[in-house]
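Q: attaching a predicted model along with its sequence, questions to come.
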Amino acid sequence: MKKIIQVLILAAAIIHLNSCQKETIIKNVDPVKITSQNEFVDNTYLEIQGIALAAIGSSDLSFKNESADALLGCAVITRDTLSNPKTILVDFSGGCVYKNKVYAGSILVTYNNNNMRLAGSEAKIEFNSVTVDGNAILGNVKIKNYGTNANGNLYGDIDVLSNVTFTGNAGSINGSFHYEVERFINNPNDNTDDHYTINGNGSGVDGDGHAITRMVVQDLVRKVLPDCKYFVSGQIRTEIDNQPEQLLDYGNGTCDNTATLTVSGNSQEIIIE
């Protein structure tokens, strides 16, 4: 009888522990925190892409602007244009400031064409002890330029294998994402009025084991402006385990650091860092 009671007590303890763990997981999913971290991941890998293509020197498929070029002024650049494929090492050393963020470490850019505007051009970006504002950045970025599409616009793909560990024990996120990019040239004599559209999806997991799926449900739009580092419109849907669906809306075309996050019919404005 004593053994039966002990078994029952143990079973009850296990059931209670499991229920507590499930309850804790649900309570620990903070939509604003997850959204902010995902935004940091998205923007950081796009910014690094712009830095890499600025180092190569010619690509209308990138998000690079004067800021990316300026960042290269505080980094040590080592180029090997004779090898096949060609390589560029961008060493931020102790730290370079780009868009109010401090970059440290180095990136290795491997590419096949000095003129990345040409169809068939490809580049790969790899990370060596890279941190951005103290957040550790791993993984890689692959870029493909397919040339001009039927609309006369440059288009290509970006594949991101992301792995970010946030400073201050704030967790981590890693995942794999595929994006399709198209550049719209509005005035051939003025690049600053051009814009990009991005579509795509991907999945990952955070440090607590929550599965994350993200999908662009309305094309993201980014303007080619030196002082604009945010998406100006478009929507991303995020699903996390069995949690309520999250929808992030970047607005109606204004370049600002706000977006609207909607969860279970409740909306709130969030600030994008």
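A: Good, I have the coordinates. No experiment lies behind these values; they were computed from the predicted model shown.
Q: and the helices in the stretch 51-200 of the chain?
A: 66-72 (DSSP state H, counting those that start in this stretch).
Q: pLDDT below threshold where in it?
A: Residues of the stretch 51-200 of the chain meeting the criterion pLDDT under 70: 58-72, 188-192.
Q: now do 90
A: Within the stretch 51-200 of the chain, the segments meeting pLDDT under 90 span 51-79, 81-84, 93-101, 113-118, 151-154, 183-196.
Q: how far is stretch 148-166 from where the chain is centred?
A: Relative to the chain's own centre, stretch 148-166 is displaced by 11 Å; criterion: C-alpha atoms, centre = their mean, to the nearest Å.
Q: buried set for it?
A: For stretch 148-166, a neighbour-count test (16 or more other C-beta atoms under 10 Å) marks 153-166 as buried. From N, CA and C alone the C-beta is placed, and that goes for glycine too.
Q: now tabulate those residues in CSV and tack on distance to Tyr45.
A: What follows is the buried residues of stretch 148-166, written out as CSV (distance: C-beta to C-beta, whole Å):
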residue, distance to Tyr45
Asn153, 22
Leu154, 20
Tyr155, 19
Gly156, 15
Asp157, 14
Ile158, 8
Asp159, 10
Val160, 5
Leu161, 9
Ser162, 6
Asn163, 10
Val164, 9
Thr165, 14
Phe166, 15
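Q: these: which two are farthest apart?
A: With C-beta to C-beta as the measure, no two of these lie farther apart than Asn153 and Thr165, at 36.7 Å.
Q: from the buried residues of stretch 148-166, which is closest to Glu126?
A: Leu161 (9.9 Å).
Q: nearest spatial neighbour of that closest one, skipping sequence neighbours?
A: Spatial nearest neighbour of Leu161, chain neighbours left out: Gly139 (4.1 Å); criterion: C-beta to C-beta, 6 or more residues apart in numbering.
Q: residues in contact with that neighbour?
A: Neighbour list for Gly139: 45, 127, 160-163, 174 [criterion: C-beta atoms under 8 Å, 6 or more residues apart in numbering].
Q: name the nearest of these relative to Cys228.
A: Tyr45 (17.8 Å).
Q: the closest one belongs to a helix, doesn't it?
A: Yes. Membership of Tyr45 in a helix is supported by DSSP: H, G, I helix; E, B strand; the rest coil.
Q: report pLDDT for it.
A: For Tyr45, the model assigns a pLDDT of 92.
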